Structure formats: C-alpha cells, structure tokens
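Novice: any chance you could fold what I've pasted below:
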Amino acid sequence: MTPHLEELNLQGCNDFVELHMPVECPKLKFLNLKGSKVSKLNLWMAPHLEKLNLEQCSEFVELHSPVECLNIKSLDLSGSKVRNFNLGITPNLESLNLKGCYDFVELHMPVECTKLQFLCLGGSIVSNLNLEMTPHLKELDLEGCYYLQEIHAPVGCLKNLADFNFNGCSRFNHFVVDKWNKVHNPYGEGTLYLTAKSLDICPLHPDSNLPKFKFNCIYGGPLPSSSGNIEKLISFGLCACTNLELFSTSICGLQHLFKLILIGSIPELPNDLHQLQSLEKLRLSMEKIKCLPDSICMLKRLMSLDLSGCRSLQDIPNSICKMESLRDLYLQFCIQVEKLPKEFGDMKRLNKLNIVGAGIRHLPYSIFQLKGLRITGSRGQLESYGFTNIISMFGVCYVKL
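Specialist: Sure thing, here's the model as predicted:
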C-alpha cells in the first residue's frame, strides 16, 4: 500500500474481513469500503483520514483507534452491526450516519461535539440521547427509534436545527419540525398542530396506569426567535405514557407560539395556557374537555378562539369577556353550552360568532351592544332568538347586528 495514496475505493470487496495497513498512509483522506465484508478496522495508520464509508458493511462490528482521529469529518456506518460509538475519538466529525444499525444501543459523547451537524440514528435501539453536547446540529434523524424514551435538550441547544425526523417513536406517529419552511406547513409559521389519539397500552410500559396517547405533530417555529421552543417539545418524553402535568408544561413552554391547534382525546387543557403571551389563534377540538380555565382571559393577544367540536364543554366562563383583543369566536357543535356570559357585550372587538349546532337557548341582552357582529347559525336557531333579518349565502345563514 503506497504511503502517497489519497483515496482508496474497495467498494463491494468480499475478499477480506479485516483491513490491515502495513505502512502509514499519511495522505489517505478518503476510504470507501461500502458493501464489503470487513468486520474490524483500525485507523491508527491513516491519521489524516477525512471521510470513511462503511455503508452496508453488514458484518462490521468495531471501529478502533488508539488516538484521536482529528481529521475525520464524515463517517457512514449505516447498516452495520456496530453496537456503540465514542464521539470522543472524532472531535471534528460533521456527519455521522448510523441508519439501520439495529444493534446500536449507545452513543458516547464525553466532550461537546461542536462540529457535528448531521446525526442519523434511525432504526437503532438507543433509549436516551443527550443533545446538549451537539449545539450546532442542523439535521437529526430518529425515525423508527422505537425504544427511545428520553432526550435531554436544554433550552437553546438546538437553535440551528432545521430538519428533524421523529416518526415512528412510541409517542409520535408523525413529527415534523418546519423551522425554515423546508416542508409544506399549511398552518403557518409559529404554529403547533397536535392531534392526540388514545391508546390502550404503551408498547414500552404495558403495565403503566398513566393515560396513553399517540401524537401527530407539526411544529413551525418563527425565526429568529425560535430558540427555546423546539427543545421544550422534544424533551416532552417519548413513550406513550403521558403525564398530563408534563404535557401541560411542554406546551406552555412554547413562548413564541402564534397559533396553537390541539385536537383529539386529551381530557384537559394545559394548566398554564396563559403563559403563551404571543398566542393570537387558539383552536381546541377536544371531545373530552368540560371547562375552560378562567386564566384564558390572560391571553391578551388572542384574536381567534375556536372551540368547534368540544362536545363535552359545559359553559363559557365569564372571564372570556375580558379578552379585549378577541375578534372571532367559534362554538360549532358545542352541544352542552346552553348560554353565553351576561357581560358578553364587553368584547368590543368581536366581529364573528359561530354557534352552528351549539346548545345556546338564549343570547344575552348585552350582545346587541356589539354593532357589526356577524352571528352564524342555522335558520331555526336564529329565528328562535327573534331575528328576522337573516341572510343566507351558499347554504350559510347569518345575521349582522
């Protein structure tokens, strides 16, 4: 083997199971062993190697180096039998691919990996991951990490994260972070769209008594102030067992949300919803919630409140009348809501009220103070309130005060 060699391509070579370098190759920068049967590799004779490809080396089990490999920037071990890897031997690594390493259990990070930008652990059996040590990570692929239960992600540690694949983890059926509009997000920037489906059993903890949910999630973080949002969401915990208090904390920690959409069988609202001081739109289509917290009036910027489909909701709290910025209120099919607060007319900016299918029997007298308010309902509903100036357009009936 020539000491002046810069690239060595042994892709698909099946003639050896262990690569020996009898002399030092100080200029070797690229080594390609893709698809070969090599099982072990010692890098001490290639001190300046920058790129190592062991993709589809299905017999490969161990990468060894007695000293730090200071120049390695790209390492592909996808499809191998590697069980663990120590990032301490590759301090300047920028890309690490372990996709399809189904025996992989642990990623050691003894020091901060400041250069790492791409990390793929898809399909591994890693149970926990510390992302505090990868402050410049841009792409993270954890698809199919069914055993992943915990991610340590302090606020601010993922400020550069752009692409994040969480699909197939026990808690999330689908998870997309759309920070830089790289995927289609119909809900817009600064939006959390979260749907919850109740499960009978947690795959990782079949005997747990906690409520169990599977989530679909799309999160679109605003720039440049998204730091702190993504980490709260990721640190929520990854098994299907759901501590509702932690769930509440994770949602209410998203300080820069403009729009929050919660849909599904979650039995109660986040306790500290009022902490979302940037929130402008709130949609809650939650069949099991029975009441709204009085603190909802503390959402000073909220302009749209959509409670459509909250069939168990029993009343609208008086505190809602203090929401001076509220313009749109949707109560479609809130069948147990029979009345509106007496002080309803205090919401001077309210433009739209939709009560199609709601159980409201009478409108409060103060509502007639809201000049220009458009009330949408069925013709029978509107007539029962005494309205005669009903407008019908494209099958929709409404009156305008």
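Novice: for this structure, where's the lowest mean pLDDT among helices and strands?
Specialist: strand 18-19 (a mean of 61; mean pLDDT, DSSP states H and E).
Novice: who touches the helix or strand just after it?
Specialist: Note on strand 18-19: by DSSP states H and E, the next helix or strand toward the C-terminus is strand 30-32. By C-beta atoms under 8 Å, 6 or more residues apart in numbering, the surrounding residues in contact with strand 30-32 are Glu6, Glu7, Leu8, Asn9, Leu10, Gln11, Ala46, Leu49, Glu50, Lys51, Leu52, Asn53. In this view, the C-beta of every residue, glycine as well, is placed from N, C-alpha and C.
Novice: need the pLDDT of the fourth one.
Specialist: According to the prediction, Asn9 has pLDDT 82.
Novice: got the contact list for Thr376?
Specialist: If a contact means C-beta under 8 Å, 6+ apart, then Thr376 has Lys352, Leu353, Asn354, Ile355, Val356, Val396, Cys397, Tyr398 as its contacts.
Novice: redo that, cut-off 10 Å
Specialist: Contact analysis of Thr376 by C-beta atoms under 10 Å, 6 or more residues apart in numbering lists 330-332, 352-356, 382, 391, 396-399.
Novice: same question, Cys57
Specialist: With C-beta under 10 Å, 6+ apart, Cys57 has these contacts: 33-39, 41, 76-82.
Novice: before we move on, what about Ser58?
Specialist: Ser58 sits in contact with Gly35, Ser36, Lys37, Ser39, Gly79, Ser80, Lys81, Gly100, where contact means C-beta under 10 Å, 6+ apart.
Novice: show me what the helix ranked longest in the chain is packed against.
Specialist: Across the chain, the longest stretch assigned as helix under DSSP state H is helix 244-252. Using 3 or more C-beta pairs under 10 Å, 6 or more residues apart in numbering; DSSP states H and E, the elements in contact with helix 244-252 are strand 191-198, strand 213-220, helix 229-234, strand 259-264.
Novice: just how off-centre is it within its chain?
Specialist: Centre-to-centre, helix 244-252 and its host chain are 14 Å apart (C-alpha atoms, centre = their mean, to the nearest Å).
Novice: ok, back up a step: in strands, which of the contacts of Ser58 appear?
Specialist: Taking DSSP state E, every one of these sits outside strands.
Novice: coming back round to it: ok, and the most crowded of the contacts of Thr376?
Specialist: Ranked by neighbour count (other C-beta atoms under 10 Å), those have Leu331 at the top, with 26 neighbours.
Novice: over to that one: give its phi and psi.
Specialist: Backbone geometry at Leu331, expressed as degrees, to the nearest 10, gives phi -130, psi 30.
Novice: cool, and Ile335?
Specialist: Torsion angles, degrees, to the nearest 10, at Ile335: phi -70, psi -20.
Novice: ok, it - how many residues close by?
Specialist: The tally of other residues near Ile335 (other C-beta under 10 Å) stands at 16.
Novice: wait, it touches Val356, no?
Specialist: No. Using C-beta atoms under 10 Å, Ile335 makes no contact with Val356, being 11.0 Å away.
Novice: quick revisit: out of the contacts of Ser58, which is nearest to Thr90?
Specialist: Thr90 lies nearest to Ser80 out of these, by C-beta to C-beta, at 15.7 Å.
Novice: span of stretch 147-155 from start to end?
Specialist: Start and end residues of stretch 147-155 are separated by 24 Å (C-alpha to C-alpha, to the nearest Å).
Novice: same question, stretch 28-37
Specialist: 21 Å.
Novice: would you mind listing the buried residues in that stretch?
Specialist: Leu28, Lys29, Leu31, Asn32, Leu33, Lys34, Gly35, Ser36, Lys37 (16 or more other C-beta atoms under 10 Å).
Novice: return the closest of the contacts of Cys57 with respect to Ile367.
Specialist: Ser78 (62.9 Å).
Novice: the residue lying closest to that closest one once chain neighbours are set aside: neighbouring residues, count only.
Specialist: Leaving aside its chain neighbours, Ser78 sits nearest to Lys99 (4.3 Å; criterion: C-beta to C-beta, 6 or more residues apart in numbering). For Lys99, the number of neighbouring residues by other C-beta under 10 Å comes to 18.
Novice: do the same with Pro110
Specialist: 11.
Novice: show me the contacts for the spatially closest residue to it that is not a sequence neighbour.
Specialist: With sequence-adjacent residues excluded and distances taken as C-beta to C-beta, 6+ apart, Pro110 is closest to Gly88, at 4.3 Å. Gly88 sits next to Glu68, His108, Met109, Pro110, Val111, Cys113 when contact means C-beta under 10 Å, 6+ apart.
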